[in-house]
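J.: the sequence and its predicted three-dimensional model are supplied below.
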Number of protein chains: 2
Amino acid sequence: MRVPLHELVRTSIRERILSGELAAGAALPSEAELCTRFGASRGPVRQAISALSAEGLIETSQGKVPTVSRAPLAQSIDDFFSFSSWVHTIGRVPGQRTVEIALRRPDEIVAERLGIPASENVVELLRVRSIDGQAAMLERTAFVAVVGRLLFEFDTDSGSLFEYLIGRGVPLDRGEHVIDAVAADATDADLLAVAVGTPLLRVQRVTSSNDGEVLEYSDDRYRPDRAELIVHNARSHSTQRPFVARQISQPGGTT
Amino acid sequence: MRVPLHELVRTSIRERILSGELAAGAALPSEAELCTRFGASRGPVRQAISALSAEGLIETSQGKVPTVSRAPLAQSIDDFFSFSSWVHTIGRVPGQRTVEIALRRPDEIVAERLGIPASENVVELLRVRSIDGQAAMLERTAFVAVVGRLLFEFDTDSGSLFEYLIGRGVPLDRGEHVIDAVAADATDADLLAVAVGTPLLRVQRVTSSNDGEVLEYSDDRYRPDRAELIVHNARSHSTQRPFVARQISQPGGTT
DNA sequence: TCCATTCACTTGTCATGAGATGTTCACTTG
DNA sequence: CAAGTGAACATCTCATGACAAGTGAATGGA
């Protein structure tokens, strides 16, 4: 498969940023330099820079050399998918305790969300996720069989399941998250150490590949005093990109 | 201020799409046609098309004329800011009942969110928002004085406050939304017709201009059985754009 | 009638050249 | 010593030309 030149330039620069070689706030080489370095004309180079800018990785303005963005969006995106990654980037210590892992028939809702017949087995995982040792979220995940098989070779208490699956080549690319609020049931209350009926922030996620193949369904319930979601959004036609992330709850939030 | 040619082409096409002149799925003129029509070379035209594609308004692929996207993102963005607009686009009837409107000193939290001293007056508005006549959300909004003044010339029971303010030139451009869950207090319970302690989905929004000037703070509480939030997200470097919107709750959501 | 091929047309990619416009900083001037 | 000036340098804008690659409809043969 032929790789266009601007694509090559783009990924090359991106890798240098993500690897830390180009730190946040650092200046990129000028267009002219990039041209000679890649043996390209200004067209592809500008195309690559423009794409990286749209991606949120760099910031540009006329007359100034592009600089590496201080709040890289790529990080936020990964953070939104991976609890461990998120907690790490905010400088806290993530933790997880596996309550249950099982291969079983899915219930109606899980089967419907995964888009499979109820007769097809799924791997279900129930974990308590914590921040600095304090329980913050209860995670009920169901994987389709082909992905779930990989779980039995993984210590679900050890770290980021998401990174593990990505590393094993599972194409967890797209996520659809439905957000609402539910009252803690007996299980929630027990594992999150709250009273039954306490309001919890629930995020139901359906993760699929770029082809649209559904791979995972998860029902995550957050203690709202420990974690919340944050959405940035811009109207009109600004170049500002929307982004979604989690954040630690601020004290005094309940009016 | 000088308007670049590619910007001109871009807004021209965008207007033709948003006005409905170019329906969803319709084919755009070819690059060559656009070039002659605007007296431009391919550069600016391609730049405009690429921007519109990134905006999500059109879809392109090699060899085929660009077509108007069937799920325009611009709509979703506006929908996320305006309750009325959202309810309209899903084919329901929005409603609102103003419970209170007042000019007063802000409490600590409101003052902090708006970034103003507690001695500065704000206009506070309390409204019940409904879908097809059923109460779905309770909205507590505080406006800085300069914006709030406009409210007294507006019938807050009549329709979209957001559109009214935009029409009056208020630059409501950027929004930061913090999402969590709270238990319904006595007021919430009364106005939303639920029991005290019922979990509600809360969205706290700080709206500001592109310059970063804070204009509005809102605390919206949704009945999770009537409305929920939905977030689409894509990892990696796909062209897929993230978006955030509201949606009507599906029955049987509580596992 | 059906199917493979051809061909005109489309967008994607890339090079080169040139002027406009914003930034920065050393240098001049008061 | 501070303020203003200007040149070097950067990106932004736009034009022109050329080839590669995908699309779709017309064409022609089986």
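T.: Noted; the coordinates are in hand.

J.: what comes up buried for the host helix or strand of residue A:86?
T.: Per DSSP states H and E, residue A:86 falls inside helix A:83-89. Buried residues in helix A:83-89, counted by 16 or more other C-beta atoms under 10 Å in any protein chain shown: A:83-87. Where C-beta positions appear, they are placed from N, C-alpha and C, glycine not excepted.

J.: pretty sure residue A:219 sits against residue A:201.
T.: No: applying C-beta atoms under 8 Å as the test, residue A:219 and residue A:201 come out as separate, 11.7 Å apart.

J.: those two: which is more packed in?
T.: residue A:201 (27 against 22; other C-beta atoms under 10 Å in any protein chain shown).

J.: quickly list what the more buried one is bridged to.
T.: residue A:181, residue A:222 (DSSP bridges).

J.: and the strands in the stretch 51-200 of chain A, which stretches?
T.: A:58-61, A:64-68, A:94-104, A:122-131, A:134-144, A:174-183, A:199-208 (DSSP state E, counting those that start in this stretch).

J.: which stretches of the stretch 51-200 of chain A aren't confidently modelled?
T.: Along the stretch 51-200 of chain A, segments meeting pLDDT under 70 span A:71-77.

J.: point to the residue nearest the middle of chain A.
T.: By C-alpha atoms, centre = their mean, chain A has its centre lying nearest to residue A:81, at 2.2 Å.

J.: excluding its backbone neighbours, what's nearest that residue?
T.: In space, and not counting its chain neighbours, residue A:81 is closest to residue A:162: 5.7 Å by C-beta to C-beta, 6 or more residues apart in numbering or on different chains.

J.: pretty sure the one you found contacts residue A:82?
T.: Yes: contact status for residue A:162 versus residue A:82: in contact at 3.9 Å, counting by C-beta under 8 Å.

J.: the more surrounded of those two?
T.: Using other C-beta under 10 Å as the criterion, residue A:162 and residue A:82 rank with residue A:82 on top: 22 against 19.

J.: does residue A:247 count as helix, strand or coil?
T.: At residue A:247, secondary structure determined by DSSP: H, G, I helix; E, B strand; the rest coil is strand.

J.: and it, what does it touch?
T.: By C-beta atoms under 8 Å, 6 or more residues apart in numbering or on different chains, residue A:247 lies in contact with A:90, A:227-230, B:178.

J.: who's it bridged to?
T.: With DSSP bridges as the rule, residue A:247 is bridged to residue A:228.

J.: do the same with residue A:208
T.: Under the criterion used (DSSP bridges), residue A:208 bridges to residue A:174, residue A:214.

J.: that one against residue A:147, yeah?
T.: No: with contact defined as C-beta under 8 Å, residue A:208 does not count as touching residue A:147 (11.1 Å).

J.: before we move on, the earlier item: please convert the buried members of the contacts of residue A:247 into PyMOL selection syntax.
T.: In PyMOL syntax, the buried subset of those is picked out as below (16+ other C-beta under 10 Å):
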select buried, (chain A and resi 227+228+229+230) or (chain B and resi 178)
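
J.: which of the contacts of residue A:247 sits closest to residue A:130?
T.: The shortest approach to residue A:130 among those belongs to residue A:227, at 10.5 Å (C-beta to C-beta).

J.: on that earlier part again, among the contacts of residue A:247, which pair sits farthest apart?
T.: A:90 and B:178 (15.0 Å).

J.: do you know the pLDDT at the residue of chain A positioned farthest from its centre?
T.: Computed with C-alpha atoms, centre = their mean, the residue of chain A farthest from its C-alpha average is residue A:36, at 36.1 Å. As predicted, residue A:36 sits at a pLDDT of 95.

J.: one more: the one 3 residues further on?
T.: Residue A:39 is assigned a pLDDT of 93 by the prediction.

J.: one step back: so what secondary structure elements neighbour the helix or strand the residue farthest from the centre of chain A falls within?
T.: Here residue A:36 sits within helix A:31-38, counting by DSSP H and E. Contact analysis of helix A:31-38 by 3 or more C-beta pairs under 8 Å, 6 or more residues apart in numbering or on different chains; DSSP states H and E lists helix A:5-18, helix A:42-55 as its packing neighbours.
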